[in-house]
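K.L.:
Structure for the following, please:
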Amino acid sequence: MTQPNEDFAAATPPETKKRQRPVIAIDGPAGAGKSTLAAHLARRFGFLNLETGAMYRALALKAIENDYAFDEEAPLMHLAAHTRITLEPQLEGNRVLLDGMDVSRRIRETDVTSAASQVSVHPHLRAWMVEQQRALGEAGGVVMEGRDIGTAVFPDAEVKIFLDAAPEVRGNRRYRQADPRSHINLPTALQNSARQAPDAVTAEQQRLAEEAILRDLKERDYRDRHRAESPLQPAPDAIILDSTSMTLDQVLAKAEEIVRSHLKA
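P.N.:
From the prediction side, this is the model:
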C-alpha cells in the first residue's frame, strides 16, 4: 500500500477504457454470501477472486493491535501509510497477509469484523482504499466483492450483481457458519461458555448467540448504508439478487446465468 494522497478526498471514477477481460462486481450487505459467490464465479469463469473487504479488515486488525481509535481518521491514515496488505488469491478465497503475516483467519473474528465496519466510514481512508482496489483489478479478468465495487471502485464494470437477503436470514447463516468450539463469531460471554463446555451449546446459548449476531449485523448495515462516502446501495445498472428464499445452489446458478448473459452482450 502506498502513501495516501490528500488530493483524492473524493475518489474519481476511472477513465472508461476497453479492458482485455471483464470485471464482475458483487456488492451487498454483510452476511449475504458475497465471498462464497465470488469464489464460485471466479472458479467457474477462470477469473481472479479479489475480496476487497479483506483490506479493511486487515487495517482494522492493525488498528486493534496498536490500540488506535476507530473514530479518528487522521491517525488511521497515518497507520495505513505504514501498512502493507497483500491479497493472494486461492481456490477457496484469499490468503491475506498483513505486513508479511498471514491473518486470513484472524480477520474473520467478531472484533475485527466490527472494527472494519467502523474504520470504513472515513471518507479519506475509503477514497484511498478505492484507489488501491482499482489498481488490483484494472486489467480485468477479476471478480471483486465488497460494498461499493459497482458504484465507486468500478462503476464501469461489465457485470454488476447486488446480492441481498433479509437480515434474519443473513444472521442465521452467520451463526451456522460459526463453530462454537473455535469461538469465532460468538459473543464474548458465549466464548467463555464454549471454553468450559466445548461440545455442548444449550438452546439458550444458541438463542443468545443468534440474537447478538443479528444485532451486530443490523448495526453494521446501518453504518454501511448511512456513511458519507460510498454508502451501501445497488448501482443503477446492477442486477439485484435476493437470496432470502433461495438455496445456495440456486443462487450460484442464477449468478452464473447473469454473468453469461452480460458477457454475451
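
K.L.:
ok, the residue sitting nearest the centre point of the chain to Gly46 distance?
P.N.:
The structure's the chain has its C-alpha centroid closest to Gly53; by CA atoms, centre = their mean the separation is 3.4 Å. In this structure, Gly53 and Gly46 are 23 Å apart, going by CB to CB, to the nearest Å. C-beta coordinates here come from the backbone N, C-alpha and C atoms, glycine included.

K.L.:
Quick check: buried residues in stretch 157-172?
P.N.:
157-165, 167, 169-172 (16 or more other CB atoms under 10 Å).

K.L.:
What about the residues you listed, which are in strands?
P.N.:
Secondary structure assignment by DSSP state E places Val159, Lys160, Ile161, Phe162, Leu163, Asp164 of the buried residues of stretch 157-172 in strands.

K.L.:
Which single one of those is nearest to Ile240?
P.N.:
Closest approach to Ile240 among these (CB to CB): Phe162, at 4.8 Å.

K.L.:
So which residues of this protein form helices?
P.N.:
34-45, 53-65, 73-81, 110-119, 123-137, 167-177, 188-196, 203-226, 248-264 (DSSP state H).

K.L.:
Mean neighbour count, those: which tops it?
P.N.:
helix 53-65 (a mean of 23; mean count of other CB atoms under 10 Å).

K.L.:
Can you list the neighbours in contact with it?
P.N.:
34, 68, 70, 76, 79-80, 83, 85, 87, 94, 96, 98-99, 103, 106-108, 111-113, 115-116, 118-120, 129, 132-133, 145-147 (CB atoms under 8 Å, 6 or more residues apart in numbering).

K.L.:
Go again with 7 Å.
P.N.:
70, 76, 79-80, 83, 85, 87, 94, 96, 98, 103, 106-107, 111-113, 115-116, 119-120, 129, 132, 146 (CB atoms under 7 Å, 6 or more residues apart in numbering).
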